[in-house]
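Colleague: No sequence on hand, only this structure:
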């Protein structure tokens, strides 16, 4: 079974390496399309931005530009949706998104997909996938875009409530609206606990997979999932949201399985072939542990074509005419075999 999975992995990797110039824009296009559709679903107040040509055009633009451009387009869409229903509320949304984007762009410019992926994963009920995956493939600095993605999701939830609060455009209403958004965002205990737990998952997963022992990557995935379940279990009990525990456990299990599948296609080690080496230079003496990657050569099917030359003339000596088959005598052939 494992051999067959390794063969499938090698075929997929070769296919991607051969057509990566075409596949990467396609993947980015699909991801941008899902992200923009998520924004339209959450705060889609302006019907013009929900038009199919607009969504397809913006997704196509995001497919051939850096991830930071995709983040800017998503932020602009969010602001325009809010502006359509509340120009006053859009000002504070611009301020929040600008702070998050500047914080993100300064420290982790290559993790733009995290900001957009977190709200999407929240809708799919598997936001636990991202911190485990980032702890496996990135560094602890990934806590910054993860936290920003969580904040963006909760900002969307606050917007949907704040929009319904507007009655009159007066100074008191504006102050009350701004106060509600800021206080709700800062005072969201669930959001703060989620950021802390996701940061712990990234840290634990990162440091365990850095320890030089067998199956460190696989164990780090399980450790991150365990920290997530334990952390959210405690937070839900504190916040008196025990009805979300079951969905959290199921989502964590699904996220863990998906991360393990991604890790299988990214890196699989063969711990049965571990080798140890020792050497030195003028400054250090080295102890090296070498773990080979589990690879298998995908079977190649070679089809050989044999060209049979058919004689054109019936009197050719290798050609058997129909008359020859009609004159064939089984008894004579049997007698010849007996004599031999």
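Modeller: Thanks, I have the structure now. In this text, all values refer to a predicted model and were calculated from it rather than measured experimentally.
Colleague: any idea how far residue 144 is from residue 187?
Modeller: According to CB to CB, to the nearest Å, residue 187 and residue 144 sit 22 Å apart. For every residue, glycine as well, the C-beta is placed using N, CA and C.
Colleague: Settle it for me: which of these two has more neighbours?
Modeller: residue 144 (18 against 9; other CB atoms under 10 Å).
Colleague: what residues does the helix or strand encompassing the more buried one touch?
Modeller: Assigning secondary structure by DSSP states H and E places residue 144 in helix 143-162. Outside helix 143-162, the residues that touch it by CB atoms under 8 Å, 6 or more residues apart in numbering are 42-43, 78, 82, 86, 89, 93, 96-97, 100, 103-104, 107-108, 111-112, 114-119, 122, 127, 130-131, 134, 177, 180-181, 184-185, 188, 191, 194-195, 198-199, 202-203.
Colleague: show me where this protein has helices.
Modeller: According to DSSP state H, the chain carries its helices in the segments 2-43, 52-63, 67-85, 87-107, 112-123, 129-137, 143-162, 171-186, 189-210, 216-238, 245-266, 322-326, 330-339.
Colleague: So which elements touch the first one?
Modeller: Other helices and strands packing on helix 2-43, by 3 or more CB pairs under 8 Å, 6 or more residues apart in numbering; DSSP states H and E, are helix 52-63, helix 67-85, helix 112-123, helix 143-162, helix 245-266.
Colleague: Repeat the analysis, applying 6 Å as the threshold.
Modeller: Secondary-structure packing of helix 2-43 (3 or more CB pairs under 6 Å, 6 or more residues apart in numbering; DSSP states H and E): helix 52-63, helix 67-85, helix 112-123, helix 143-162.
Colleague: and the gap between residue 91 and residue 109?
Modeller: Taking CB to CB, one finds residue 91 at 26 Å from residue 109.
Colleague: where does this protein dip in pLDDT?
Modeller: Counting by pLDDT under 70, the chain has low-confidence residues at 1-3, 5-6, 9, 105-106, 165-171, 173, 267-274, 289, 291-340.
Colleague: If you drop the residues flanking it in sequence, what lies closest to the residue nearest the centre of it?
Modeller: Centroid-nearest residue in the chain: residue 262, 7.6 Å away (criterion: CA atoms, centre = their mean). Nearest residue to residue 262, sequence neighbours excluded (CB to CB, 6 or more residues apart in numbering): residue 133, at 6.6 Å.
Colleague: how far away is the residue nearest to residue 134 when sequence neighbours are not counted from residue 199?
Modeller: Computed as CB to CB, 6+ apart, the closest residue to residue 134 that is not its neighbour in sequence is residue 142, at 3.9 Å. Residue 142 sits 9 Å away from residue 199, going by CB to CB.
Colleague: Compare the two and say which is more crowded by neighbours.
Modeller: Neighbour count, other CB under 10 Å: between residue 142 and residue 199, residue 142 has more, with 23 against 20.
Colleague: Surely the more buried one touches residue 135?
Modeller: No. Taking contacts as CB atoms under 6 Å, residue 142 lies outside contact range of residue 135: 7.5 Å.
Colleague: related to what we said a few turns ago, out of the helices and strands packed on helix 2-43, which gets nearest to residue 248?
Modeller: helix 112-123 (12.1 Å; CB to CB).
Colleague: Now do that closest one against helix 2-43, angle only.
Modeller: 80 degrees (axes from the mean of the first three to the mean of the last three CA atoms, to 10 degrees).
Colleague: What are the phi and psi values at residue 46?
Modeller: Note on residue 46: its backbone torsions stand at phi -100, psi 110 [degrees, to the nearest 10].
Colleague: quick one: residue 36 and residue 54 touch, right?
Modeller: No. Between residue 36 and residue 54 there is no contact under CB under 6 Å: 8.8 Å.
Colleague: Of those two, which one has the most company?
Modeller: Legend: neighbour count by other CB under 10 Å for residue 36 and residue 54, higher for residue 36 (24 against 14).
Colleague: any idea how far residue 155 is from the residue lying closest to the more buried one once chain neighbours are set aside?
Modeller: In this structure, residue 36 finds its nearest non-sequential neighbour in residue 55, 5.3 Å apart by CB to CB, 6+ apart. With distances taken as CB to CB, residue 55 is found 21 Å from residue 155.
Colleague: Of these two, which one has the most company?
Modeller: Ranked by neighbour count (other CB under 10 Å), residue 55 and residue 155 place residue 155 first, with 25 against 18.
Colleague: Show me the domain layout of this protein.
Modeller: Domain segmentation of the chain under automatic domain parsing yields 2-273, 275-324.
Colleague: hey, which of those is tucked in deepest?
Modeller: Mean neighbour count, computed with mean count of other CB atoms under 10 Å, is highest for domain 2-273 among these, reaching a mean of 17.
Colleague: Nearest residue to residue 229 in space, please, no chain neighbours.
Modeller: residue 252 (5.3 Å).
Colleague: How about the contacts made by that neighbour?
Modeller: The contact partners of residue 252, by CB atoms under 6 Å, 6 or more residues apart in numbering, come to 128, 225, 228, 229.
Colleague: Adding distance to residue 236, write those out as JSON lines.
Modeller: As requested, the contacts of residue 252 are exported to JSON lines (distance: CB to CB, whole Å):
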{"residue": "128", "distance to residue 236": "13"}
{"residue": "225", "distance to residue 236": "16"}
{"residue": "228", "distance to residue 236": "12"}
{"residue": "229", "distance to residue 236": "11"}
